[in-house]
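A.B. asks: Next one to model:
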Amino acid sequence: MEKLLQVTGAQVDKVFTELVKSDTKANKETRQRGARTLPKDYPDRELIDPFPVPLLIIGSKFDIFQDFDSEKRKVICKTLRFIAHYHGASLVFTSSKTESLMSKTRSLINHLAFGTERGKSVSLDQNKPLLIPAGMDSLGQIGSPPASDADIGKLQAKTPLDLWKKVYERLFPPQSTSTLKDIKDPAKDPQYSEPEIDAMRAQKDQELEQYKRNASKSWKGMDLDSRHS
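C.D. replies: This is a model prediction of the structure:
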């Protein structure tokens, strides 16, 4: 997850740079559209570090995850809820084998990408598929990391995010960095493959490219207008 967020953040920076590097007006407009400001009543607004653009964390293969040991499910769910809330992200669990879950996932993606109306469904129950739009969770509802006070005191974490990471790694030790691949685009990593979600992602990529082309034309048009005025 940490690696994915780092790579995704780098991709966001790269996209903004490519959009604005050759046009000062585009630079200003793009940054205004891309700048993300949380509403004043956003839960724990002063305690979190929101991602620069709307972010959706998808937990796929819920049909497999639901059979995990209950303690492992608890740790995974609480940790993902904290990470999502800390980054101002939405969180959804889904499975390509359950159409109702896929429908809710599509609805949330469309809401975040195109501003369509968001469904009213919210699920915080770790025994069911999580569905938590950004702003619908809080540190109070998530609770403390799933470890005893004594164990937490021994972890010597520097930040809340570091604390949750260390608690999680006690149950799920991290993979050795020497065996990690250099992933340029995590969306293309086969270990995260989910055919229907990948198809939705490909469609949204195409729509984004079309938007960028249309936006580029409009920016050029504004330049011509300003030169003739």
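A.B. asks: May I ask which helix or strand encompasses residue 57?
C.D. replies: Following DSSP states H and E, one finds residue 57 within strand 56-59.
A.B. asks: Direction included, what does that strand pair up with?
C.D. replies: strand 90-93 (parallel) (DSSP bridges).
A.B. asks: what's the strand it pairs with in contact with?
C.D. replies: By Cβ atoms under 8 Å, 6 or more residues apart in numbering, the residues outside strand 90-93 that reach it are 54-60, 62, 65, 80-81, 84, 101, 104-105, 108, 112, 129-134, 137. No exception for glycine: its C-beta is placed from N, CA and C like everyone else's.
A.B. asks: could you measure residue 93 against residue 131, distance?
C.D. replies: From residue 93 over to residue 131 the distance is 7 Å, taken as Cβ to Cβ, to the nearest Å.
A.B. asks: what about these two, which has more around it?
C.D. replies: Neighbours were counted for residue 93 and for residue 131 using other Cβ atoms under 10 Å; residue 93 has more, 25 against 22.
A.B. asks: Let's see the pLDDT reported for that one.
C.D. replies: Turning to residue 93, the model gives it a pLDDT of 98.
A.B. asks: and it, what are its bridge partners?
C.D. replies: Under the criterion used (DSSP bridges), residue 93 bridges to residue 59.
A.B. asks: Residues contacting stretch 108-118, please?
C.D. replies: The set of residues external to stretch 108-118 that reach it, using Cβ under 8 Å, 6+ apart, is 54, 56, 90, 92, 107, 119, 131, 133, 200, 204, 207.
A.B. asks: How about the last one, nearest residue that isn't a chain neighbour?
C.D. replies: The shortest distance from residue 207 to any non-neighbouring residue, by Cβ to Cβ, 6 or more residues apart in numbering, is to residue 113 (7.7 Å).
A.B. asks: do the first one as well
C.D. replies: Leaving aside its chain neighbours, residue 54 sits nearest to residue 112 (4.6 Å; criterion: Cβ to Cβ, 6+ apart).
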